[in-house]
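Asks: fold the stuff below for me.
(chains A, B, C and D)
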2 protein chains.
Amino acid sequence: MIFHSSTALPTEAEKYLSIGVESMSITIKDVAAKAGVSVATVSRVINSKGYISDQTNQKVKAAMIELNYKPNIAARTLQGKSTATIGIIVPSLENPLYSELFECIEKELYKRHFQTLLCTSNNQIQKEKNYLSLLEANRVEGIISSSHSKVLEEYKETALPIISFDRKISSKIPTVRGDNYAGGKMIALEIVKRHKKNVLILSGSKEDLSPGNDRIKGITQVLKEKRISFTTAALPFERAPIVKKELAKKAINMDTFDAIICTDDLTALIVCDLTKKLTTPPLVTGYDGSSFIRAYHPELVTIEQPIQEISELLVELLVQKVEHPLIELEAEYVLAVKLVGKSEFN
Amino acid sequence: MIFHSSTALPTEAEKYLSIGVESMSITIKDVAAKAGVSVATVSRVINSKGYISDQTNQKVKAAMIELNYKPNIAARTLQGKSTATIGIIVPSLENPLYSELFECIEKELYKRHFQTLLCTSNNQIQKEKNYLSLLEANRVEGIISSSHSKVLEEYKETALPIISFDRKISSKIPTVRGDNYAGGKMIALEIVKRHKKNVLILSGSKEDLSPGNDRIKGITQVLKEKRISFTTAALPFERAPIVKKELAKKAINMDTFDAIICTDDLTALIVCDLTKKLTTPPLVTGYDGSSFIRAYHPELVTIEQPIQEISELLVELLVQKVEHPLIELEAEYVLAVKLVGKSEFN
DNA sequence: GTGAAAGCGCTAACAT
DNA sequence: ATGTTAGCGCTTTCAC
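Replies: As a prediction, the model looks like this:
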């Protein structure tokens, strides 16, 4: 591992070893030698498989501990064992929605003795493709992805089980998501309830599969029905906060709004900050309702996605698919969302 | 991978294959067969090593693409190649300090063509131990850890290169951190500058190696020097926000404070929320100054740790240690911090 | 109850 | 310029 292979004669390795750099991995052979048994026996102990006498068992275990032996996962993977690894692809952890999603998924997988391989794409298409490839090369058992719309083809080519969060990748790949359309409607109804008359809708960038689109549909549907006038402006939501702030400023100054609807919480926080000094600050609403936002900005009116349940379902479905590849799953699993935040006036 | 090994006869596999479940991995042999060359040649193409005619190169690459072939990382690891994987251990991603630290480290490693294996310990000692073991079993090249103090022994036993963030694990393991003592002093000096007279210090749990301890030292040093009276209360900072809120309430009500010093930003946000309705809200200070906090709570007086630089240094040092195991590094790398936030009054 | 040996996918001599 | 083959660490028949 450490020696440049060009010169890695065994003697060379031994030389280093003798001066105390004990970095050559301990293998099953070393354990077998120390315990005075065969590698097969050690393997049996590791996997608690087949018959082993108590005495041998003890000896081997002692040897493993003494040598601080860790079975080489690569080797067992190679000979056909599962890697017990699940890949997770998210755009970024800056948004608490995703860091919480990851944490929940990781906890769920940990319980089930899977390890997780997290990949953050940072909204870079090439990076996401590279990571997807990497997950395949690592022989993960399956993937949970919150994919970028421009990487769909690569997902479709994969033979691996995939479950998607919030975005429809293909009809073959199940999606788990909050009910964006209903969430949009809830927001709009709250606007109505509070007698707002002039609404600004700050949507994220209008990428094809963006979950924001359904939210906007729900919102505008209700606003139109109730004949409330609204303006829409797009705000590239993956940009740095400072950029978004400047863009938001412009949009806000277009007119005097008494409500500003944002399609995610972080944008909402920026807008809140921008408008709170106004004599009559508008109602600002967000979307996602991560527990971070709920804890540290409890007053923000937003839609709470059930991240915990979403995560559990994502994992449950993926594990099912991993264990029973031929299983038929629904195309979409839509979970209920709810309005939260300061319930009275603004 | 998919077949329960007990019944996974080749014929069984082939049967499944023929009905279209093409989940058995494509190997270098398949590629070689399709391209009409030997496995060695394919290997050469994969690694761009040795002589290969243009024509063969083409053929092989075409075959790889057609079969959607991904080299099996386990196999190449097994025969001695580096896994090119670095393990990262952090307590949790809920705190933006850690999610940003991870993102920065990941970007840095990605540039250098390393993959990262993230492990979140959730402050559970056993979980951290398990993950440490897992990283070894996965044969990662090295580890960046923000360790719990009760897992030190396990770290010391590891032969892997380790760099620690913010906590001194042992004299053998280099630590990279912000200057906590200086940061503490800066906070206290700000308190002095603003003529605060009665200070509450909310420290995190007093775990042995907590970076908070040095911060407290810096703070109290200055306060004592300037003869400003202060009270200290401990607040288990890894608890859920709601719990912390209740505990903070109690502490705050002990007296009437005109300044409350918190040893992390999240606690500070809670305290801000708790005190902002008071007629004369105290000055509340935090610690960490992640870019999330800087972006969404620019007014918070806090100490900004240079997360970007810390990450770069962590990675640089680790890579050095991985490539030159015998290299001698400093025991500690202490980076300057700075006071940020609303600069005038409170 | 335990050992010997084949083989997983790949790379790196060594042949040719 | 390309093929043959041994062997990485491990599991798993198959013998004993």
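Asks: give me the contacts around whichever strand or helix holds A:Tyr131.
Replies: Taking DSSP states H and E as the criterion, A:Tyr131 maps to helix A:125-137. With contact meaning CB atoms under 8 Å, 6 or more residues apart in numbering or on different chains, helix A:125-137 is reached by A:87, A:89, A:117, A:119, A:121, A:143, A:147-148, A:150-151, A:154-155, A:158, A:160, B:70-73, B:110, B:115. For every residue, glycine as well, the C-beta is placed using N, CA and C.
Asks: what about it and DNA strand C, touching?
Replies: No: applying CB under 7 Å from any atom of the strand, one finds helix A:125-137 separated from DNA strand C by no less than 8.3 Å.
Asks: now the element after that helix, going C-ward?
Replies: Downstream of helix A:125-137, the next assigned helix or strand under DSSP H and E is strand A:142-145.
Asks: wasn't A:Val176 part of a strand?
Replies: Yes: according to DSSP: H, G, I helix; E, B strand; the rest coil, A:Val176 belongs to a strand.
Asks: ok so, going back, got a PyMOL select line for the buried ones in the contacts of helix A:125-137?
Replies: For the buried members of these, the matching PyMOL selection, counting by 16 or more other CB atoms under 10 Å in any protein chain shown, is:
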select buried, (chain A and resi 87+89+117+119+121+143+147+148+151+154+155+158+160) or (chain B and resi 70+71+72+73+110+115)
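Asks: of the contacts of helix A:125-137, list those near DNA strand C.
Replies: Of these, the ones that also sit near DNA strand C (CB under 7 Å from any atom of the strand) are B:Pro71, B:Asn72.
Asks: looking at the contacts of helix A:125-137, which are in strands?
Replies: Per DSSP state E, strands hold the following members of these: A:Gly87, A:Ile89, A:Leu117, A:Cys119, A:Ile143, B:Gln115.
Asks: which two of the residues you listed have the greatest separation?
Replies: Spatially, the most separated pair among the ones in strands among the contacts of helix A:125-137 is A:Ile143 and B:Gln115, at 14.8 Å (CB to CB).
Asks: circling back: next, the buried residues of the helix holding A:Tyr131.
Replies: A:Lys127, A:Glu128, A:Lys129, A:Asn130, A:Tyr131, A:Leu132, A:Leu134, A:Leu135, A:Glu136, A:Ala137.
Asks: adding pLDDT, write those out as CSV.
Replies: Converted to CSV, the buried residues of helix A:125-137 look like this (pLDDT from 0 to 100):
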residue, pLDDT
A:Lys127, 95
A:Glu128, 95
A:Lys129, 94
A:Asn130, 95
A:Tyr131, 96
A:Leu132, 95
A:Leu134, 94
A:Leu135, 95
A:Glu136, 93
A:Ala137, 92
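Asks: before we move on, the earlier item: closest to B:Glu190 among the ones in strands among the contacts of helix A:125-137?
Replies: Closest approach between these and B:Glu190, by CB to CB: A:Cys119, at 40.5 Å.
Asks: what is the neighbour count of A:Glu157?
Replies: 10 (other CB atoms under 10 Å in any protein chain shown).
Asks: now swap in A:Thr280 and tell me
Replies: A:Thr280, neighbours per other CB under 10 Å, totals 8.
Asks: kindly report the same for the one 5 residues further on.
Replies: The tally of other residues near A:Thr285 (other CB under 10 Å) stands at 30.
Asks: residues touching it, list them.
Replies: Applying CB under 8 Å, 6+ apart, the residues near A:Thr285 are A:Ile187, A:Glu190, A:Ile191, A:Ala259, A:Ile260, A:Ile261, A:Cys262, A:Ala268, A:Leu300, A:Val301, A:Thr302, A:Gly341.
Asks: tell me which of those residues fall in helices.
Replies: Those of those mapping onto helices are A:Ile187, A:Glu190, A:Ile191, A:Ala268, per DSSP state H.
Asks: distance of the third one from DNA strand C?
Replies: Translated: A:Ile191. Separation of A:Ile191 from DNA strand C (CB to the nearest atom of the strand, to the nearest Å): 56 Å.
Asks: so A:Leu339 belongs to a strand, correct?
Replies: Yes: with three-state DSSP as the criterion, A:Leu339 is part of a strand.
Asks: tell me the pLDDT at it?
Replies: You'll see A:Leu339 listed with a pLDDT of 97.
Asks: bridging residues for it?
Replies: Here A:Leu339 sits in beta bridges with A:Ile303, as judged by DSSP bridges.
Asks: what about it, neighbour count?
Replies: By other CB under 10 Å, 16 other residues sit near A:Leu339.
Asks: wait, isn't it in contact with A:Glu190?
Replies: Yes: taking CB atoms under 8 Å as the definition, A:Leu339 is a contact partner of A:Glu190 at 6.1 Å.
Asks: now for these two: what residues contact both?
Replies: Any residue near both A:Leu339 and A:Glu190 by CB under 8 Å, 6+ apart counts here, and that gives A:Val301.
Asks: list the contacts for the residue of the stretch 101-250 of chain A found nearest DNA strand D?
Replies: The stretch 101-250 of chain A approaches DNA strand D most closely through A:Arg139 (13.3 Å), counting by CB to the nearest atom of the strand. Applying CB under 8 Å, 6+ apart, we find A:Arg139 in contact with A:Thr77, A:Thr83, A:Thr85, B:Met1, B:Ser25, B:Asn72, B:Ile73, B:Ala74.
Asks: over to A:Ile219?
Replies: By CB under 8 Å, 6+ apart, the contact list for A:Ile219 reads A:Gly184, A:Lys185, A:Ile187, A:Ala188, A:Ile201, A:Ile261.
Asks: does the second one lie in a helix or a strand, and which?
Replies: If you go by DSSP H and E, A:Lys185 is part of helix A:180-193.
Asks: what's the angle from the next helix or strand after that helix to helix A:180-193?
Replies: Next along the chain after helix A:180-193, taking DSSP H and E as the criterion, comes strand A:198-203. Between the axes of strand A:198-203 and helix A:180-193, defined by axes from the mean of the first three to the mean of the last three CA atoms, to 10 degrees, the angle is 160 degrees.
Asks: same for strand A:198-203, what does it pack against?
Replies: Packing contacts for strand A:198-203, counted by 3 or more CB pairs under 8 Å, 6 or more residues apart in numbering or on different chains; DSSP states H and E, involve helix A:211-225, strand A:229-234, helix A:241-253, strand A:259-262.
Asks: now the helix holding A:Lys185, how far from the centre of its chain.
Replies: Relative to its parent chain, helix A:180-193 has a centroid offset of 26 Å by CA atoms, centre = their mean, to the nearest Å.
Asks: list the buried residues of the host helix or strand of A:Leu97.
Replies: Per DSSP H and E, A:Leu97 falls inside helix A:96-111. Residues A:96-110 are the ones in helix A:96-111 that count as buried (16+ other CB under 10 Å).
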